[in-house]
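[1] Sequence first, then the predicted structure:
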Amino acid sequence: MVTESSLSPEARSVLGLHLSRRGVLAGAGGLGAAGLLAACGSGAKSGGAKNTNTVRWGNWPLYLDFDSKTKKYPTLEKFKKDTGIDAQYFEDYNDNDEFFGKVQAQLKLGQDIGYDVVTPTDWMAARWIRLGYSQKFNSANIPNKVNILDSLATPSYDPKRESTLTWQGIMSGFGWNVEKNPKGIHTLDQLFSPQNKGKIVVLTEMRDTIGIILMAQGVSLATVTESQFMNAVDFMAKKIADGWIRGVKGNEYAQDLTSGDASAVIGWSGDMFILSSENKGKFDFAIPESGGTISGDNLMIPSTASAAGKANAEKLINYYYDPTVAAEVAAYVNYVCPVKGAQAAMEKIAPELSKSEYIFPTEKTAARLQVFRSLTPAEETKWAQAFQKAQGN
Amino acid sequence: MKISKSQVPYLLLFPGFAFLFTFFVLPIINLAQTSTQTPISGGDTGQYTQTFAFSNYIHAFTDNKDQFLRSFVYATLATILALAISYPLAYAIAFKSGKFKNILLVLVVAPFFTSFLLRTVAWKQILGEEGFVVPTLRSLHIIGQQTTLTSTAFAVVTGMTYNFLPFMTLPLYASLERIDPRTIEASGDLYANGLTTFRRVTLPLSMPGVVAGTLLTFIPAAGDYVNASILGSPSTKMIGNVIESRYFKIVDYPTAAALSFTLMVAILILVTLYIRKAGTEELV
């Protein structure tokens, strides 16, 4: 019997074992085969729709506190017990586009997609809202809504947070092998220093990789223009052509770092945190001096949820915006916690984590993080195409 | 209702035709329709309308001709390598394995019990920096200290060869196994040496297996994208990777459909030419 940790992220995703939310994203980004199969199905397991006392939540894998002994999600179990609502949790998110492709037709026809809560990333949440595929919250049911961090409270796609609330925030920056980069990597020039030639991996998530390059070029992500964007894409394409960058990958970069195939990456905070702790400090992560990106995955109620499903979904969302519950989740997932007061709650359950910059970035850190501006549909297509082209697609 | 004898074959064919119609003809029609669509002006990502834009095909091809060419080159290399490895293997199993025949056949198929993806990921570890191959080759000075094997065309072709090997071995075995050993003996009786016997008797008689094996390897290999995405780099992307990225990442369904169609036609033409050549001159 192989142990979970001896397998690569892709292998684990194939086996359906648990791995980080980004890990599965990568598995799907790279392979898509599982995704293609999934796309054949018509959304989630239905059947719960008729029962008014259920809520069905589609989320990314390993993105909720999980007890490997009982095979249960402690916070979710508590929610079930407290409310009597049968919360069904599906780790069905592999990739934003893929999930969207899977449920789009049903959303268009107004048929139940099999979820009462979905968890798209910012830019995809923006698309759902634009297309009218989301429902506005009944704020009276979500009093804890006020707990959202100020920095996340007014995104351009939902300025009053009427139909989305951040689930977790994701920082991206530089990750490196400490042995190969004893001085660390804090600028783009340091990333492209000779010892890393041919051993650099950057993220498939366009807004993170190009975002970091743009900021290093002095461009603000809030106002980035097409020519500035294309300029940054050309920079990346040149680094690929010249043999500096060996791959544009999702979470597979973590495996490349541990296997020695990569010595420096543009990567995600939560992953690097886990990598570093699993490998006794062999790796490190930093937000670039010129700035890193931050994005979020959002809890959202699809337009097709029934009135009862929506009410239960609101209870669920409210529950996870309770600081104590949010702290329990953050202690497990290690991504940026969006809930005010969770840091104080964390001090009680895991004091060392309450000081983690990865989970609770200080104001100084947060000031160095930028959000990629929302793109028009035409830009989205054109820019994605340029980014894909640069990686050989 | 009485069924006349002449109707029986049609009734027997019905399930097959119904299946093909639902799962092949209809999707192909849908694919063809999608391939000539263009974005709705002012519409959202992924919203397209039919405008019979056949120019999609020209753009799709000219934008990605490198990846097309690469797909066919890699698939051809993998097919040749698989044939070179499989032929002696199938020959040995068919003629020389005695009582181990069944075990050997099971061993050829055994990797299929593991997921295709897992096996490919395993190659990444075998060829990776911490696998045994790279350090060994480095210490023997066969490759340079800075040379890596993953993220190269070598790794992609190796992965493809490995993954499609059983598709080559099994048809080859089936046709070799059917060869009457007496034809080979007769060749010896007529003073042909081993090489001549192979060239004039064994090889021609096994040609159906060679043709079937090469087709079963080449066709899926040309459309494969898993090996290139796991074992390759940006400069080894194949057409399957482009289709995947167009469909899922760019949400450009028409180009993805046009590329799929072009790939299908290109393979069809190549296969037709190949079967004609192999079929008329060497099979008979």
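    Perfect, thanks for sending it. Residues are numbered from 1 along each chain as shown, chains lettered A, B, ... in the order given.
[2] contacts, neighbours, all on C-alpha from now
    Noted.
[3] Alpha carbons of stretch A:144-157, as CSV, please.
    The C-alpha trace of stretch A:144-157 is given here as CSV (Å, rounded to 0.1, in the frame of the first residue of the first chain):
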residue,chain,number,x,y,z
ASN,A,144,-21.6,37.7,10.1
LYS,A,145,-21.1,39.3,6.7
VAL,A,146,-19.7,42.3,8.5
ASN,A,147,-16.7,40.2,9.5
ILE,A,148,-15.2,40.3,6.1
LEU,A,149,-11.8,42.0,6.0
ASP,A,150,-12.0,45.6,4.9
SER,A,151,-9.5,44.9,2.1
LEU,A,152,-11.8,42.3,0.6
ALA,A,153,-15.2,44.1,1.2
THR,A,154,-15.5,46.0,-2.0
PRO,A,155,-14.3,44.1,-5.1
SER,A,156,-15.2,45.7,-8.4
TYR,A,157,-17.4,42.8,-9.5
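[4] Centre of the chain to it, how far?
    Relative to its chain's centre, stretch A:144-157 lies at 17 Å (CA atoms, centre = their mean, to the nearest Å).
[5] what mean pLDDT does it have?
    Mean pLDDT, computed over stretch A:144-157, is 90.
[6] For B:Ile230, see how far away B:Val157 is.
    When distance is defined by CA to CA, to the nearest Å, B:Val157 is 12 Å away from B:Ile230.
[7] how about residue 258, what does it touch?
    Chain wasn't specified; assuming chain A. Going by CA atoms under 8 Å, 6 or more residues apart in numbering or on different chains, A:Thr258 touches no other residue.
[8] you looked at the wrong chain, it should be chain B
    By CA under 8 Å, 6+ apart, the neighbours of B:Ala258 are B:31-32, B:34-36, B:56-57, B:60.
[9] repeat that for 7 Å
    By CA atoms under 7 Å, 6 or more residues apart in numbering or on different chains, the contact set of B:Ala258 is B:35, B:56-57, B:60.
[10] Which elements pack onto the top strand by length along chain A?
    In chain A, with assignment by DSSP state E, the single longest strand is strand A:164-177. Under the contact definition 3 or more CA pairs under 7 Å, 6 or more residues apart in numbering or on different chains; DSSP states H and E, strand A:164-177 sits against strand A:264-268, helix A:269-278, strand A:283-286, strand A:292-300.
[11] and the ones you listed, which is most packed in?
    strand A:264-268 (a mean of 30; mean count of other CA atoms under 10 Å in any protein chain shown).
[12] Can you spell out which helices and strands pack onto that one?
    Partner elements for strand A:264-268 (3+ CA pairs under 7 Å, 6+ apart): strand A:164-177, strand A:200-203.
[13] Any chance of CSV for the ones you listed, columns mean pLDDT, distance to A:Pro155 and mean neighbour count?
    Output for these, formatted as CSV (pLDDT from 0 to 100; distance: least, CA to CA, whole Å; neighbours: other CA atoms under 10 Å in any protein chain shown):
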stretch, mean pLDDT, distance to A:Pro155, mean neighbour count
strand A:164-177, 94, 10, 26
strand A:200-203, 94, 23, 26
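[14] Any idea which of those gets closest to B:Val73?
    strand A:200-203 (26.5 Å; CA to CA).
[15] for that closest one, the distance to its chain's centre please.
    17 Å.
[16] Flag every buried residue along stretch B:80-91.
    B:80-83, B:85-87, B:89-91 (16 or more other CA atoms under 10 Å in any protein chain shown).
[17] of all the contacts of B:Ala258, which comes closest to chain A?
    Chain A has its nearest neighbour among the contacts of B:Ala258 in B:Ala60, at 11.6 Å by CA to the nearest CA.
[18] Do you know the pLDDT at residue 77?
    Chain wasn't specified; assuming chain A. 95.
[19] oops, I was thinking of chain B
    97.
[20] Please report how far it lies from B:Val133.
    If you go by CA to CA, the gap between B:Leu77 and B:Val133 works out to 21 Å.
[21] Neighbour count for the two, which is higher?
    B:Leu77 (18 against 14; other CA atoms under 10 Å in any protein chain shown).
[22] Which helix or which strand is home to that one?
    helix B:65-91 (DSSP states H and E).
[23] Please see if that helix touches chain A.
    No. Shown here: helix B:65-91 not in contact with chain A (CA under 7 Å from any CA of the partner chain), separated by at least 8.0 Å.
[24] Which residues does the next helix or strand after that helix contact?
    Proceeding N to C from helix B:65-91, the next assigned helix or strand is helix B:101-109, under DSSP H and E. For helix B:101-109, the surrounding residues in contact (CA under 7 Å, 6+ apart) are B:93, B:166.
[25] same thing with stretch B:62-76?
    B:157, B:218, B:221-222, B:237-239.
[26] So which of those belong to helices?
    In helices, defined here by DSSP state H, the members of those are B:157, B:218, B:221-222, B:239.
[27] Could you measure from the nearest residue to A:Asn96 once chain neighbours are set aside over to A:Ser68?
    Excluding the flanking residues, the one nearest A:Asn96 by CA to CA, 6 or more residues apart in numbering or on different chains is A:Pro120, at 6.3 Å. Distance, A:Pro120 to A:Ser68, by CA to CA: 26 Å.
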